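*Asks:* okay, structure incoming, though there's no sequence with it:
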């Protein structure tokens, strides 16, 4: 699985002016999926208030890449203005994600599913926003964001219940890395693959 950096770079360097809708859709799907998995993966770090700092750059780069597919070159300020459309939703969800870290294991699983769902919802709404020519009402975007977020969070939490050994598998990977059986790159790839199936 490609890292989110590789996928974003490929999309940002791609030429989509004459691309078919199918090619654009494929590029957007790739970006949303890898960035959502990456956002979930960074929440594995143990510090509650750091998630927002680690997840935000992934989300900003994702929105820039989706905008690029639809013919818009955006600087970070423009992306932050788009993300501010979700305003209180993003702040509240990030606060909940941070608080969840204080609950052993269950909180950790909640953080992963929330980061994944938040990023996925931002990607879906950004795609809709750019496809619609950036003329969508804020209320419409908020409703769409809330709906997609709830759906994706429920999907991830349902899969977490069916996969109670995820923490054990991640611990095994961490032990293998620490004992020298896996390089840092191999560890990251296996972790990303594991979280993609989570």
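*Replies:* Good, I have the coordinates. Treat the numbers as computed from the prediction; the structure is a model and nothing was measured.

*Asks:* residue contacts, residue 24?
*Replies:* 16, 69-70 (CB atoms under 8 Å, 6 or more residues apart in numbering). In this view, the C-beta of every residue, glycine as well, is placed from N, C-alpha and C.

*Asks:* could you turn the buried ones of these into a PyMOL selection?
*Replies:* Buried members of the contacts of residue 24, defined by 16 or more other CB atoms under 10 Å, are picked up in PyMOL with:
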select buried, resi 69+70
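
*Asks:* where does pLDDT dip in the chain?
*Replies:* 1-2, 46, 48-49, 86-109, 160-168, 196-198 (pLDDT under 70).

*Asks:* now the spatially most central residue of it: how far from residue 120?
*Replies:* Geometric centre of the chain, nearest residue: residue 36, 2.3 Å, by CA atoms, centre = their mean. Distance, residue 36 to residue 120, by CB to CB, to the nearest Å: 4 Å.

*Asks:* what residues do those two have in common as contacts?
*Replies:* Contacts common to residue 36 and residue 120, judged by CB under 8 Å, 6+ apart, are residue 152.

*Asks:* re earlier: give me the three-state assignment for the residue nearest to the centre of the chain.
*Replies:* helix (DSSP: H, G, I helix; E, B strand; the rest coil).

*Asks:* what of residue 82?
*Replies:* Going by three-state DSSP: residue 82 is helix.

*Asks:* now do the contacts for the residue lying closest to it once chain neighbours are set aside.
*Replies:* Leaving out its chain neighbours, the residue that sits closest to residue 82 by CB to CB, 6 or more residues apart in numbering is residue 63, at 6.1 Å. Neighbour list for residue 63: 74, 79, 82-83, 122-123, 126 [criterion: CB under 8 Å, 6+ apart].

*Asks:* just name the closest of the contacts of residue 24 to residue 172, please.
*Replies:* Residue 172 lies nearest to residue 69 out of the contacts of residue 24, by CB to CB, at 37.5 Å.

*Asks:* distance of the closest one from residue 117?
*Replies:* Taken as CB to CB, the span from residue 69 to residue 117 is 22 Å.

*Asks:* before we move on, the earlier item: now rank the contacts of residue 63 by neighbours and give me the top one.
*Replies:* Within the contacts of residue 63, most neighbours by other CB atoms under 10 Å means residue 122, with 31 neighbours.

*Asks:* buried residues in stretch 24-36?
*Replies:* 24, 27-28, 30-36.

*Asks:* cool, stretch 172-182 as well?
*Replies:* Within stretch 172-182, the residues that count as buried by 16+ other CB under 10 Å are 173, 177, 182.

*Asks:* of these, which belong to helices?
*Replies:* 173, 177 (DSSP state H).
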